[in-house]
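In: Sequence and predicted model, in that order:
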Amino acid sequence: MRSKSGGHLKEAYKTLITRKPKAVAIIAIARRLVKLLYTLVTKKTYYRYSQLKERLAKLKYHKLQIIGLGS
């Protein structure tokens, strides 16, 4: 799902391209994203930069529900 604000990874990418070639920066951000996804899945947690209201709206849009909250 695309973020409207860009967020933390976009800022990290902008910083990286000032020091590294574009292709290297893309690979570095991809690696960070894979590490982030692995951590979120294994620890069963949410991304710290996401807002509850946005998460709930996305879940509703995709017709999903949160398991374990009694809903």
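Out: Done, it's in.
In: all helices for this structure, in order.
Out: Under the criterion DSSP state H, the chain contains helices at 8-17, 22-43, 52-61.
In: With respect to burial, which of those scores highest?
Out: helix 8-17 (a mean of 14; mean count of other Cβ atoms under 10 Å). All C-beta atoms are positioned from the backbone trio N, CA, C, and that covers glycine.
In: how close does residue 22 get to residue 62?
Out: As judged by Cβ to Cβ, to the nearest Å, residue 22 and residue 62 stand 32 Å apart.
In: what residues are up against residue 26?
Out: Applying Cβ atoms under 8 Å, 6 or more residues apart in numbering, we find residue 26 in contact with residue 13.
In: contacts for stretch 35-49?
Out: 7, 8, 55.
In: re the thing from before, same list, the helices of the chain, but as CSV with mean pLDDT please.
Out: Output for the helices of the chain, formatted as CSV (pLDDT from 0 to 100):
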stretch, mean pLDDT
helix 8-17, 91
helix 22-43, 93
helix 52-61, 83
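In: what's the nearest residue to residue 17 once chain neighbours are set aside in contact with, if anything?
Out: Nearest-residue entry for residue 17: residue 25, 4.7 Å, with adjacent residues in sequence omitted and distances by Cβ to Cβ, 6 or more residues apart in numbering. Residue 25 sits next to 13, 16, 17 when contact means Cβ under 8 Å, 6+ apart.
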